[in-house]
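fold the following.
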Amino acid sequence: MAKIVVIGGTGLIGSGIVGRLGEQGHEAVPAAPGTGVNTLTGEGLAGALEGAAVVVDVSNSPSFEEKAVMDFFTTSTANLLRESAKAGVGHYVALSIVGTGRWESNPYFRAKAAQESLIAGSDLPYSIVHATQFFEFARSIADEATAGGVARVADTPMRPIAAADVSAAVARIALDAPTGGVTEVAGPEEISMEDLVRARLAADGDPREVVAGKENPYFGAVVEEGALLPGEGAELAPTRFGDWLAAQTAR
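Numbering: from 1, shown residues only. Predicted coordinates:
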């Protein structure tokens, strides 16, 4: 069984990946600042990667401010690629986002595109996973968009996905041969951001009004047409939003 280091392995997606790989008998090692690994400074990175067959990077920037997010993904990824090459890693897997390369006006998406360019330009065998927005983001989308008791969200279609389904897809791809390209994963149904947020708030008994508009920003920028939708060849995950929401409400 393989040693697989999961960068960001204590977070929402990372912990799911670590759990799934561990259940299959692999040595899944969560690496994050809380475990003594800092990809920005390089602290603890060489030791964590020693003997690793696979590196899975699902880390995220603590700030979405334009310079901060670009610095995070370029510096962190450069450090990871350098140390992974030194450690003889045979498969580098990175989680990115559907729409990268298509939504150039968005600073976060530009930073993710820069990250992907570094990976593709390295000598490491790699796989990149593009996921759509997570069901779990619905409340934070509302919170970010709220002013005066009204959540003004983008008028845009999505194919949101459960975080557990993303973890499952990334874990599976980590155990497969490197693709040398991008695999898209998405939810099984198309839902507007407005309906996603409204359903989440209603389930929580939250009285906020939800208003959709083409000019309402998301991630700090107006959403370009179709930017959050995957291509025709995307893998569709099994969990439907209504079923996920019902399970959350039951808890």
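
low-confidence ranges in the stretch 51-200 of the chain?
The model of the stretch 51-200 of the chain has no residue with pLDDT under 70.

quick one: the strands in it?
54-57, 91-97, 126-131, 146-147, 150-154, 157-158, 182-186, 191-192 (DSSP state E, counting those that start in this stretch).

so the second one versus strand 182-186, what angle?
If I follow you right, that is strand 91-97. 50 degrees (axes from the mean of the first three to the mean of the last three Cα atoms, to 10 degrees).

one step back: with distance to residue 201 and mean neighbour count added, can I get the strands of the stretch 51-200 of the chain in JSON lines?
C-beta here means a position set from N, CA and C on the backbone, and glycine is covered the same way. Below are the strands of the stretch 51-200 of the chain laid out as JSON lines (distance: least, Cβ to Cβ, whole Å; neighbours: other Cβ atoms under 10 Å):
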{"stretch": "strand 54-57", "distance to residue 201": "32", "mean neighbour count": "28"}
{"stretch": "strand 91-97", "distance to residue 201": "24", "mean neighbour count": "24"}
{"stretch": "strand 126-131", "distance to residue 201": "23", "mean neighbour count": "24"}
{"stretch": "strand 146-147", "distance to residue 201": "10", "mean neighbour count": "12"}
{"stretch": "strand 150-154", "distance to residue 201": "7", "mean neighbour count": "21"}
{"stretch": "strand 157-158", "distance to residue 201": "16", "mean neighbour count": "22"}
{"stretch": "strand 182-186", "distance to residue 201": "23", "mean neighbour count": "21"}
{"stretch": "strand 191-192", "distance to residue 201": "14", "mean neighbour count": "18"}
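
would you turn those strands into a markdown table with distance to residue 164?
Formatted as a markdown table, the strands of the stretch 51-200 of the chain follow (distance: least, Cβ to Cβ, whole Å):
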| stretch | distance to residue 164 |
| --- | --- |
| strand 54-57 | 16 |
| strand 91-97 | 14 |
| strand 126-131 | 12 |
| strand 146-147 | 27 |
| strand 150-154 | 24 |
| strand 157-158 | 18 |
| strand 182-186 | 12 |
| strand 191-192 | 18 |
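
and of those strands, who's closest to residue 76?
Residue 76 lies closest to strand 54-57 among these, at 8.0 Å (Cβ to Cβ).

and that closest one, which strands flank it?
strand 3-7 (parallel), strand 91-97 (parallel) (DSSP bridges).

what would these look like in a markdown table with distance to residue 124?
As requested, these are exported to a markdown table (distance: least, Cβ to Cβ, whole Å):
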| stretch | distance to residue 124 |
| --- | --- |
| strand 3-7 | 13 |
| strand 91-97 | 4 |
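
among the strands of the stretch 51-200 of the chain, which comes closest to residue 171?
strand 54-57 (8.0 Å).

which other residues reach that closest one?
Contact with strand 54-57 is made by 2-9, 14, 17, 49, 77, 80, 84, 89-95, 170, 174-175, as judged by Cβ atoms under 8 Å, 6 or more residues apart in numbering.

need the buried ones from those selected in ChimeraX.
Buried members of the contacts of strand 54-57 can be picked out in ChimeraX with the line below, counting by 16 or more other Cβ atoms under 10 Å:
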select :2,3,4,5,6,7,8,9,14,17,49,77,80,84,89,91,92,93,94,95,170,174,175
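
before we move on, the earlier item: of the strands paired with strand 54-57, which approaches residue 151 most closely?
Using Cβ to Cβ, the strands paired with strand 54-57 put strand 91-97 closest to residue 151, at 21.7 Å.
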